[in-house]
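**Student:** okay, sequence plus prediction incoming.
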Amino acid sequence: QVQLVESGGGLVQAGGSLRLSCAASGFTFSRYTMKWFRQAPGKDREFVAAIAWSTSSTYYADSVKGRFTISRDNAKNTVYLQMNTLKPEDTAVYYCNSGPAVIVQRWGPYWGQGTQVTVSS
């Protein structure tokens, strides 16, 4: 059974930091890129960052480049999203995602339950 379990969300002031974690199980991680998406109220779900499991190549949305860092610990089957210099517009539910996808910025079929990140001004 595929499981993606996120943690680490919360309330933070603008300029602060949070680190999200996503623990994965139930599928072959080395086959797929691990990704983070987010969805703010009233907006579409959008790509945030991705990391290739085998090469560690990373990809970022322009809106988070230079502020967010995605990383992974293969031994723990866990992916992290370090978020620095947070802005109110980063407020959203953040989702871990994986599975086959046509391109890096598209989601695969495996989703976590999401974790709320709220940035106050």
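**Tutor:** Yep, that arrived. None of these values were measured; they are calculated from a predicted model.

**Student:** quickly find the element holding the spatially most central residue of the chain.
**Tutor:** For the chain, Trp36 is the residue whose C-alpha lies nearest the centre (Cα atoms, centre = their mean; 2.4 Å). Using DSSP states H and E, Trp36 sits in strand 34-39.

**Student:** using PDB, write down the CA coordinates of the helix or strand following that strand.
**Tutor:** Past strand 34-39, further along toward the C-terminus, the next helix or strand under DSSP H and E is strand 46-51. Output in PDB follows, covering the C-alpha atoms of strand 46-51 (Å, rounded to 0.1, in the frame of the first residue of the first chain):
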ATOM      1  CA  GLU A  46       0.800  24.200  -8.200                       C
ATOM      2  CA  PHE A  47       4.200  22.700  -8.500                       C
ATOM      3  CA  VAL A  48       6.800  23.700  -5.900                       C
ATOM      4  CA  ALA A  49       9.800  21.500  -6.100                       C
ATOM      5  CA  ALA A  50      11.100  18.000  -7.100                       C
ATOM      6  CA  ILE A  51      14.100  15.800  -6.600                       C
END
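
**Student:** give me the contact list for the strand holding Trp36.
**Tutor:** Contacts to strand 34-39, defined as Cβ atoms under 8 Å, 6 or more residues apart in numbering, come from residues 20, 22, 24, 45-51, 53, 70, 72, 79, 81, 90, 92-98, 104, 107-108, 114, 117. All C-beta spots, glycine's among them, are computed from the backbone N, C-alpha and C.
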